[in-house]
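# Sequence unavailable; structure follows:
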């Protein structure tokens, strides 16, 4: 899904599809509960994985 990271104002992104309930349902079916990590710590010092969060307001202001 990284190929869909971008600004829809400057890239052709299927925003409506990505936000649709059908797409969410299809993606949810890919989750295998037998291989899911259900013991994720809220402590950012625990583990070596990276999480990226970007917040955008309705005016397009973004904070990565």
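Everything's here; your move. None of the values given here were measured: they were computed from a predicted structure.

# which stretches of the protein form helices?
15-18, 21-28 (DSSP state H).

# will you turn those helices into TSV that also has distance to residue 58, mean pLDDT and mean neighbour count?
Placement of C-beta: from N, CA and C, glycine included. Shown next, in TSV, are the helices of the chain (distance: least, Cβ to Cβ, whole Å; pLDDT from 0 to 100; neighbours: other Cβ atoms under 10 Å):
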stretch	distance to residue 58	mean pLDDT	mean neighbour count
helix 15-18	15	87	10
helix 21-28	22	94	10
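
# Residue 54: which of those is closest?
With Cβ to Cβ as the criterion, residue 54 lies closest to helix 15-18 of the helices of the chain, at 14.8 Å.

# Give me the residues contacting the closest one.
4, 8, 23 (Cβ atoms under 8 Å, 6 or more residues apart in numbering).

# Excluding chain neighbours, give the residue nearest to residue 60 in space.
residue 9 (7.7 Å; Cβ to Cβ, 6 or more residues apart in numbering).

# distance of the one you found from residue 30?
29 Å (Cβ to Cβ, to the nearest Å).

# for the protein, what helix or strand is lowest in average pLDDT?
strand 62-63 (a mean of 84; mean pLDDT, DSSP states H and E).

# chain center to that strand: distance?
Averaging C-alpha positions (Cα atoms, centre = their mean, to the nearest Å) puts strand 62-63 15 Å from its chain's average.

# One more: stretch 24-39?
Computed by Cα atoms, centre = their mean, the chain-centroid distance of stretch 24-39 equals 14 Å.

# Could you tell me which ranges of this protein sit under the pLDDT cut-off?
1-2, 40-51 (pLDDT under 70).

# of the contacts of helix 15-18, closest to residue 38?
residue 23 (23.8 Å).

# need the contact list for that closest one.
Here residue 23 is in contact with residue 17 (Cβ under 8 Å, 6+ apart).

# just use 553 as the starting number from now, easier for me
Renumbered: residue one is now 553, and that last one reads residue 575.

# From residue 589, how far off is it?
23 Å.
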